[in-house]
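Novice: Coordinates for the following, if possible.
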Amino acid sequence: MSIKQNLQHIKSQIPEDVTLVAVSKTKPNSDIMEAYDAGQHVFGENKIQEMVDKYESLPKDIEWHMIGHVQTNKIKYMASFVNLVHGVDSFRLLKELNKQAKKNDRTINCLLQIKIAEEDSKFGMTAEDASKILRSEEFSELKNVCVTGLMGMATFTDNEAQIESEFSFLKATFERLKVLRTENCQLKTVSMGMSGDFQLAIECGSTMVRVGSSIFGERNYG
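Specialist: As a prediction, the model looks like this:
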């Protein structure tokens, strides 16, 4: 099937109020344009430099999401255009995002990454850490970032019950924290679910899913 057909197939399985992020990392601009022409305007990249290169040569109404682990020293390259940073896993990162956003006279929307998986390889903070950050005076002073939701990645396993329990934990954490509404904390997004488990994630309350291989085909890292 073509990228357009793949997209249509996935969109038919996703409710209207769930945002589809097409994960375009390692994919050429021609693939992104095929998806764009089929109506997909939100794309996710996991390397800042690759995202910058694509931003510079592709239509300016594309929404770029940084979905990978963020290196603080590279934030300055994307600060002028990134729409949403998914993987904020420390207060230090929030401070640097705020600093670079201020230089560009804009506000950068962020998701706090909560560690819901058992694997050590996954990044993220605890639900308690997130709560402490959002309630802190230090955070309230950051005027150029806005935390708009939470993100989490489930354990890579075939055990559906475990995945469901991890997704449910993220949704429960979101419900607990969303009462903390301040100028720079407006929790509305629960980003969880990828190609293999997005339907289960939606059932558990996800409002944003990240789908790559089911749209663009398997990635070629060679």
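Novice: which other helices and strands contact the strand or helix carrying Phe43?
Specialist: Secondary structure assignment for Phe43, by DSSP states H and E: strand 42-45. With contacts defined as 3 or more CB pairs under 8 Å, 6 or more residues apart in numbering; DSSP states H and E, strand 42-45 has these neighbours: strand 19-23, helix 48-57, strand 63-66. Bear in mind the C-beta positions are built from the backbone N, C-alpha and C, glycine included.
Novice: how about a markdown table for those, with mean neighbour count, mean pLDDT and distance to Ser2 added?
Specialist: Shown next, in a markdown table, are the helices and strands packed on strand 42-45 (neighbours: other CB atoms under 10 Å; pLDDT from 0 to 100; distance: least, CB to CB, whole Å):
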| stretch | mean neighbour count | mean pLDDT | distance to Ser2 |
| --- | --- | --- | --- |
| strand 19-23 | 22 | 98 | 14 |
| helix 48-57 | 16 | 97 | 20 |
| strand 63-66 | 22 | 98 | 22 |
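Novice: Please tabulate these in a markdown table and include distance to Gly205 as additional columns.
Specialist: Rendered in a markdown table, the data for these read as follows (distance: least, CB to CB, whole Å):
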| stretch | distance to Gly205 |
| --- | --- |
| strand 19-23 | 14 |
| helix 48-57 | 28 |
| strand 63-66 | 19 |
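Novice: quick one, which of these is nearest to Ala117?
Specialist: strand 19-23 (18.0 Å; CB to CB).
Novice: what separates the residue nearest to Ser195 when sequence neighbours are not counted from Leu7, distance-wise?
Specialist: Counting by CB to CB, 6 or more residues apart in numbering, the nearest residue to Ser195 once its immediate chain neighbours are dropped is Ser214, at 4.3 Å. Ser214 sits 9 Å away from Leu7, taking CB to CB, to the nearest Å as the criterion.
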